[in-house]
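A.B. asks: pasted the sequence and its predicted model underneath.
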Amino acid sequence: MKQAGTLFLLLTLLFSSCKESKSKKYLPSSVGAINSMVVVIDNELWKGSVGDTIRRHFAAPVVGMPMDEPLFTIDQVAPKFFTGSIRNTRSILYVMEDSLNLAHVKTDMYASPQRVGVIKGTSKDEIIENVRAKADDIITAFKDMEIEAAQKRFERSLSKETVLQDKFGISLNIPSIYKVGKQEDNFVWIDREIQRGTANITVYEMPADSFSNDSTLVKDIVAMRDSIGALYIPGPDVPNKITHMRTEPAFAPYVYPAEIGGLKGVEVRGLWDIKNFPMAGPFLTYILNDKENNRKLVLEGFVFAPATEKRNDLFELEAILKTFKIEGVKN
């Protein structure tokens, strides 16, 4: 009887396991270039006011860039052609006139990782209203997924440098193609070559009581960046001229609340240039309030790539900076 009971238990477990495996949905890996998306929409809607509204949100210029570059590179397909491998695209926006009025985001419908924004309405006006209401949420879902996908790609070959741990007690998941270019007592500069330029990461500390006045926050951030540029980031030699990185004086940077690695702070986006020399590009800075270590931590990415698109290079730097972790008190 004991053997029969054991055999019955094993058969029950085997049957349950088979049933569970059949119920799982196995999905192919998603595909798509970085910051690209497919809009599935009827051609007539795409060419009219609905398409204009979609482009106004999803192809809006990236903030803080020297020339207009869209948030997403968009490919449009009519619903009847939305078949086969195109369904495996990582970011999809499905828009249609329907008997339903809704807008939401679905996860991993045809592939993984994948986000599908679904927007429907009983009329063009309802569709436009839903696009306006839900676009920011869908964009955030797409961007968060893109960041995670980029970070997973980094894990294939990470830098083994310990300079950030040694100096600041922090870690970033940085691809091994990046190299340490400069290190001082309170400053580390890491970079790599890209097409016609460089992608750069800098890390440094500021006193804990920095930026205590909200009314002068932007001015104080600019002063900080300019002083660090003067100390550590020189420009090319120009006779009788002082050259160094600074915040582009003609454009105030954009500042947003942020939280990374459990630390709250601000995200800053804007343009840098070289004083007294024609060089410029976009930057992204995180200023984080590290109360436990009595400091403000500054993580920055900036791109130099004249006459080329910079969106994806700056996005890679954003993905790197968002892997930030406190690893303990600095040595």
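C.D. replies: Structure's in. What do you need?

A.B. asks: helices and strands around the top strand by length along the chain, which ones?
C.D. replies: The strand spanning the most residues in the chain, taking DSSP state E as the definition, is strand 277-290. Packing contacts for strand 277-290, counted by 3 or more CB pairs under 8 Å, 6 or more residues apart in numbering; DSSP states H and E, involve helix 217-232, strand 254-260, strand 263-274, strand 295-304, helix 311-321. All C-beta spots, glycine's among them, are computed from the backbone N, C-alpha and C.

A.B. asks: hey, C-alpha coordinates of the first one in CSV?
C.D. replies: Output in CSV follows, covering the C-alpha atoms of helix 217-232 (Å, rounded to 0.1, in the frame of the first residue of the first chain):
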residue,chain,number,x,y,z
LEU,A,217,18.8,75.9,-7.6
VAL,A,218,19.4,76.3,-11.3
LYS,A,219,21.9,79.1,-10.9
ASP,A,220,23.8,77.0,-8.2
ILE,A,221,23.8,73.9,-10.5
VAL,A,222,25.3,75.9,-13.3
ALA,A,223,28.0,77.4,-11.0
MET,A,224,28.9,73.9,-9.8
ARG,A,225,29.2,72.5,-13.3
ASP,A,226,31.2,75.4,-14.5
SER,A,227,33.6,75.3,-11.6
ILE,A,228,34.2,71.5,-12.1
GLY,A,229,34.7,72.1,-15.8
ALA,A,230,37.3,74.8,-15.0
LEU,A,231,39.2,72.5,-12.6
TYR,A,232,39.1,69.2,-14.5
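
A.B. asks: next, the buried residues of that helix.
C.D. replies: Val218, Asp220, Ile221, Val222, Met224, Arg225, Asp226, Ile228, Gly229, Tyr232 (16 or more other CB atoms under 10 Å).

A.B. asks: ok, now stretch 136-153?
C.D. replies: Per 16+ other CB under 10 Å, stretch 136-153 contains these buried residues: Ile138, Ile139, Ala141, Phe142, Lys143, Met145, Glu146, Ile147, Ala150.

A.B. asks: want to throw the residues you listed into a markdown table with secondary structure?
C.D. replies: Converted to a markdown table, those look like this (DSSP: H, G, I helix; E, B strand; the rest coil):
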| residue | secondary structure |
| --- | --- |
| Ile138 | helix |
| Ile139 | helix |
| Ala141 | helix |
| Phe142 | helix |
| Lys143 | helix |
| Met145 | helix |
| Glu146 | helix |
| Ile147 | helix |
| Ala150 | helix |
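
A.B. asks: how about those, which pair is most distant?
C.D. replies: Spatial extent of the buried residues of stretch 136-153 (CB to CB) is set by the pair Ile138 and Ala150 at 18.8 Å.

A.B. asks: before we move on, back to that, nearest to Pro28, of the helices and strands packed on strand 277-290?
C.D. replies: It's helix 311-321; of the helices and strands packed on strand 277-290, that one is closest to Pro28 (CB to CB) at 23.1 Å.

A.B. asks: that closest one - what's its average pLDDT?
C.D. replies: Throughout helix 311-321, pLDDT has a mean value of 97.

A.B. asks: now what about it, what contacts it?
C.D. replies: 34-35, 62, 65, 69-70, 146-147, 150-151, 154, 172-175, 194, 199-201, 260, 282, 284, 286, 299-303, 305 (CB atoms under 8 Å, 6 or more residues apart in numbering).
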